[in-house]
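1. missing the sequence, but the structure's below:
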């Protein structure tokens, strides 16, 4: 499978716990994006990377959220001290820089109870 | 102000009807995607357009760059087409999503 993969697909956690999601982009793609989608809404931009550099962060990304892409390949999104409002679908996408087409992962659905 | 607007937000139609979903955007883009999202949430990319028209099976997508508008058409709609259809545009380094159109096809 050469698409964008995300792990896990589903995560249920108790409020206050930390969670970490992983995104594996298409191997030659140097841009990687994270989005959050709440019920009934379109995905909202969180952050994106060019290789290992995090180039932009949305104000939606509070200080409880951190994203890394240490070697410019896979990326992790960590949420610390989860809150019920963090319950959402977290989507990852990747693309080549200068290229137009983006590819989307299946998403990780987080439920905070 | 939303950079990407979709209409309608919700659409219910009978099986067999011709469906049109619209997407308008406010700035210059390098590409536009139409995506399908089923309950359970996984996103499937249907089309990527930078000009003209593309067809895949019963799905047709068109884009008018000058008018900053794209449409997704479904011919001979079927209940299995029921899903949320999302328009996403590539603006510089970002991908901006519309809020989606919830389509329900009745048998």
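-> Now that the structure is in, tell me what you want to look at. Just so we're clear, the structure is a prediction, and the values are computed from it rather than from any experiment.
2. Which residue, neighbours along the chain excluded, lies closest to the residue nearest the centre of chain A?
-> Taking C-alpha atoms, centre = their mean, the centroid of chain A lies closest to residue A:34, which sits 3.5 Å from it. Nearest residue to residue A:34, sequence neighbours excluded (C-beta to C-beta, 6 or more residues apart in numbering or on different chains): residue A:46, at 4.3 Å. Any C-beta I mention is one placed from the backbone N, CA and C, and that applies to glycine too.
3. who does residue A:12 bridge with?
-> In this entry, residue A:12 is beta-bridged to residue A:111, by DSSP bridges.
4. Number of residues surrounding the residue in chain B that chain A sits nearest to?
-> Using C-beta to the nearest C-beta, the closest approach of chain B to chain A is made by residue B:31 at 3.5 Å. Residues lying near residue B:31 (other C-beta atoms under 10 Å in any protein chain shown) number 19.
5. I figured it hits residue B:47, correct?
-> No: look at residue B:31 against residue B:47 with C-beta atoms under 8 Å: they stay out of range, at 10.1 Å.
6. Which helix or which strand is home to residue 63?
-> If you meant another chain, say so; for now it's chain A. Assigned by DSSP states H and E, residue A:63 belongs to no helix or strand.
7. Can you look at chain B instead?
-> Take DSSP H and E as the rule and residue B:63 turns out to sit in strand B:59-64.
8. which other helices and strands contact that strand?
-> strand B:43-49, strand B:52-56, strand B:69-74 (3 or more C-beta pairs under 8 Å, 6 or more residues apart in numbering or on different chains; DSSP states H and E).
9. Quickly check: the least confident helix or strand in chain A by mean pLDDT near chain B or not.
-> Lowest mean confidence among the helices and strands of chain A (mean pLDDT, DSSP states H and E): strand A:102-104, at a mean of 87. Yes: counting by C-beta under 8 Å from any C-beta of the partner chain, chain B is contacted by strand A:102-104 at A:102-104.
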